[in-house]
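Asks: no letters, just coordinates:
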């Protein structure tokens, strides 16, 4: 039976949709895995000196790759530019492995490990195919966004072997990170932030803090989500 909404009911829905940083569901069925949540807190909004395509946290700095393939270190509290690395090839994504940086190469199925101090190449991995974007390093593996297959490639950093290809529910992948338990991706086209199992099953989805979200990083319980307008949001999920 169709129930006609009254004006007060429509107003209530509008109010719910307008809330940010709350834990209200935007759909009625609590068992629906596709129900959207806004269950995170925005700890701070940083105005960065670059518009990040991807982000990585190294403990003392927030690293970013921008639309011009610059690789820069930013102050993770203020967004101020600390330094810029000169790297061998144009970058599309960045990750930190605990010692050095990993970069995906723009328009090539190639990954580079570079020295975090001077940008010198340490290792290059050639993948069979793909148009690579954002990436993350966790549990001894690289998690690389492939825009051609719209999936996350799990890559052995020692030999470049693609061990798995994880599907994701978005139309595009504009950021990826792991929090130790879940895989997270962002799709700016659909304005969705997805929490997935390691195998790619949808756990929950959220509206990102920006219409132009790009790049994700995670460390110490904090998420960083970039924005193509030059902002970086620090997020905390309960």
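Replies: Thanks, I have the structure now. Not measured: the values here are computed from a predicted model. Residues are numbered from 1 along each chain as shown.
Asks: now do the contacts for the closest residue in space to residue 234 that isn't next to it in sequence.
Replies: In space, and not counting its chain neighbours, residue 234 is closest to residue 43: 4.2 Å by Cβ to Cβ, 6 or more residues apart in numbering. For glycine as for every other residue, the C-beta is placed from the backbone atoms N, C-alpha and C. Contacts were defined as Cβ atoms under 8 Å, 6 or more residues apart in numbering; by that measure residue 43 touches 222, 234, 235, 236.
Asks: pull out the buried members of these.
Replies: 222, 234, 235 (16 or more other Cβ atoms under 10 Å).
Asks: adding secondary structure, write these out as TSV.
Replies: Formatted as TSV, the buried ones among the contacts of residue 43 follow (DSSP: H, G, I helix; E, B strand; the rest coil):
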residue	secondary structure
222	strand
234	strand
235	strand
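Asks: just give me the closest of these to residue 203.
Replies: Of all the buried ones among the contacts of residue 43, the one sitting nearest residue 203 is residue 235; the distance, using Cβ to Cβ, is 16.2 Å.
Asks: next, count neighbours for the closest residue to residue 229 other than its chain neighbours.
Replies: The shortest distance from residue 229 to any residue that is not its chain neighbour, by Cβ to Cβ, 6+ apart, is 5.9 Å, and that residue is residue 212. The local packing of residue 212 (other Cβ atoms under 10 Å) involves 15 other residues.
Asks: start the count at 21, not 1, going forward
Replies: Sounds good: first residue 21 from here, last item residue 232.
Asks: tell me the contacts of residue 232?
Replies: Contact partners of residue 232, counting by Cβ under 8 Å, 6+ apart, are 208, 247, 248, 249.
Asks: out of those residues, which are inside strands?
Replies: Of the positions in these, residue 247 sit in strands, assigned by DSSP state E.
Asks: select only the buried ones of the contacts of residue 232 in PyMOL?
Replies: Of the contacts of residue 232, the buried ones can be selected in PyMOL as follows, counting by 16+ other Cβ under 10 Å:
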select buried, resi 208+247+248
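Asks: with pLDDT and distance to residue 173 as extra columns, can I get the contacts of residue 232 in JSON lines?
Replies: Rendered in JSON lines, the data for the contacts of residue 232 read as follows (pLDDT from 0 to 100; distance: Cβ to Cβ, whole Å):
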{"residue": "208", "pLDDT": "94", "distance to residue 173": "20"}
{"residue": "247", "pLDDT": "94", "distance to residue 173": "25"}
{"residue": "248", "pLDDT": "91", "distance to residue 173": "24"}
{"residue": "249", "pLDDT": "90", "distance to residue 173": "29"}
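Asks: so what does residue 200 have for phi and psi?
Replies: Backbone torsions of residue 200, given as degrees, to the nearest 10, read phi 100, psi -30.
Asks: test my guess that residue 229 contacts residue 252.
Replies: No: when contacts are counted by Cβ atoms under 8 Å, residue 229 is not listed as touching residue 252 (9.8 Å).
Asks: settle it for me: which of the two has more neighbours?
Replies: Set side by side, residue 229 and residue 252 give different neighbour counts by other Cβ under 10 Å, the larger being at residue 252 (26 against 21).
Asks: and the buried ones among the contacts of residue 63, which is closest to residue 95?
Replies: When the buried ones among the contacts of residue 63 are compared against residue 95 (criterion: Cβ to Cβ), the nearest one is residue 254, at 12.5 Å.
Asks: mind checking pLDDT for the closest one?
Replies: pLDDT, residue 254: 96.
Asks: run through the bridge partners of it.
Replies: Beta-bridge pairing of residue 254, defined through DSSP bridges, involves residue 64, residue 244.
Asks: great, nothing more from me.
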